[in-house]
Each structure stands twice: as C-alpha cells, then as structure tokens.
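[1] no sequence for this one, just the structure:
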DNA sequence: CTGTATCCGTTTGGATACTG
DNA sequence: CAGTATCCAAACGGATACAG
C-alpha cells in the first residue's frame, strides 16, 4: 500500500461511500452528521460513522464537536482533503471518455 | 455507478491488481500472460485472467492471440488505457502529500 | 502457455437494536 | 443528535486441480 502513492491515494477513497462523502463536503464546507446521512441516501449511521472515522484518520476531514444539547458535530475538509479535487476532476474527465467508448461499441 | 464519472473511473481500476496491471502495461507496450504473472508477484492465473478480461471489457487493454504452439497471447493498452496515465500521476502526487501528512503527525 | 472450474476463507457492507 | 454493539449476507480474493 505504501509502496505506491497512487494505490495509497485510491485506498483512502475506497469503498462504497467515501468518495461521495468527500464530494458532499466539497460542496458544503461544513456539514452535520445527520444532514450528511440524509444526503447519502441509504447509508446507515453505523457505516457513516465508520467512514467518517477513517477519513479523519487519513487527515482528509476534520470533526468538530460542540457540547450542546442536543449534540452537534460538524465535519469539513482539511486542506489535504480539498487538494484532491483536481485529481478527481481529471479522473472524471477520463471516466466520461471511458463511458462513451463503451456506449459506442455496444451495438456490436 | 454510471451517475458519477469519477466513480465509474475508480470502479474500472478497483480491486487488488488492476492498477498494477495497467502500470506494467504502461511500461512494456506489450506483455505476455506468463510474464505478466511473474511480474505481479503472488497472483494466480485465475485472478490474472479474470482481471484481464474485465479490463478488456472496459476497453482499457487489448488481447492479441497468436495461434502458435505453444500458445502466445499478448496484452497491451488501448489509447483509452494510455490516456489514464496523467490522472494517475496526479493522484500519485496527492498520495505522496497525504502520506507525508500522516507521517508528520505520527509522533503526536 | 494460457487459461477454466470448483471450492473456500476473509473482507466488506449493512440491518437492527441500543446508548449518552 | 450522533453515534456503538451485535450479528448477518454478499462480494472479493485465492488455492488447487485441470483443460486445450
């Protein structure tokens, strides 16, 4: 994993939800646990919590807790987390091309 | 999967071996099944075959078969396959940064 | 040499119930 | 509201044997 930076990067975003979490945070600056769960339709609080923990360990996101009643916790991207966006844009552009090349040859 | 180009792209490279296969093909232009298996230390012929099939279906690689005895099959990247390299370079650069930020904060 | 068929252990994602 | 604990099913990776 640590012998290849690309694999290291991909590993951080691996799984069903992490990319989407980063994407939501990129559009929101800050977001609360519950709202994030609503936006990621279908995720359980267990999975969301687990994925947020992992992203925090990799320093992609920051968790800020306010000691209020009811509890409030806000998540946001770190500078490192924001810095991945250009790579994702580039990958997305390639993804569109890859998708189109599949469609073109479907009729075969 | 098809609703997000980034996810579509990541899905193509998903798994334990596909990234490394693309990487090897990027350095070799052509490579035979057996040599590829030797380079990807630890992969079984079953897994290699399966991963090559999937990459071929996504039009990332091309399989060329020569009807000789013994059989010879060569794999190479398509133009689409080559075109992913800049994205991987960029992701790798970010990966190095992410890795370093982890190391820096380890002593905490 | 280049695969396929079968079977199996591990990992991943998730449903549900519960807590401070 | 923001999680944790427990348990379960499906997906993934792989070992082994075998085939053209």
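    Received it, and whenever you're ready, just let me know what you need. If you're wondering where the values come from, they're calculated on a predicted model, not measured in any experiment.
[2] Going by C-alpha atoms from here, please, whenever you check contacts or count neighbours.
    Noted.
[3] distance between the ends of stretch A:29-36?
    12 Å (C-alpha to C-alpha, to the nearest Å).
[4] One more: stretch A:30-49?
    End-to-end distance for stretch A:30-49, by C-alpha to C-alpha: 16 Å.
[5] Can you list the neighbours in contact with that stretch?
    A:20-21, A:24-25, A:72-77 (C-alpha atoms under 8 Å, 6 or more residues apart in numbering or on different chains).
[6] Relative to DNA strand D, how far out is the residue in chain A that DNA strand C sits nearest to?
    Per C-alpha to the nearest atom of the strand, residue A:15 is where chain A lies closest to DNA strand C, at 3.1 Å. Distance, residue A:15 to DNA strand D, using C-alpha to the nearest atom of the strand, to the nearest Å: 10 Å.
[7] just residue A:34 next, same as before
    For residue A:34 relative to DNA strand D (C-alpha to the nearest atom of the strand), the value is 3 Å.
[8] Just the buried residues of the one helix or strand that residue maps to, please?
    Residue A:34 belongs to helix A:33-39 when assigned by DSSP states H and E. Burial within helix A:33-39, assessed by neighbour count using 16 or more other C-alpha atoms under 10 Å in any protein chain shown, is assigned to A:33, A:36-37.
[9] Kindly report the same for stretch A:49-64.
    Those would be A:51-52, A:54-56, A:58-63, for stretch A:49-64 by 16+ other C-alpha under 10 Å.
[10] How about stretch A:74-83?
    Buried residues in stretch A:74-83 (16+ other C-alpha under 10 Å): A:74-77, A:80-82.
[11] Enumerate the residues of chain A near chain B.
    A:4-10, A:19, A:58-59, A:80, A:83-84, A:87-99, A:101-102 (C-alpha under 8 Å from any C-alpha of the partner chain).
[12] Now do stretch A:96-108: everything it contacts.
    B:5, B:8-9, B:58-59, B:80.
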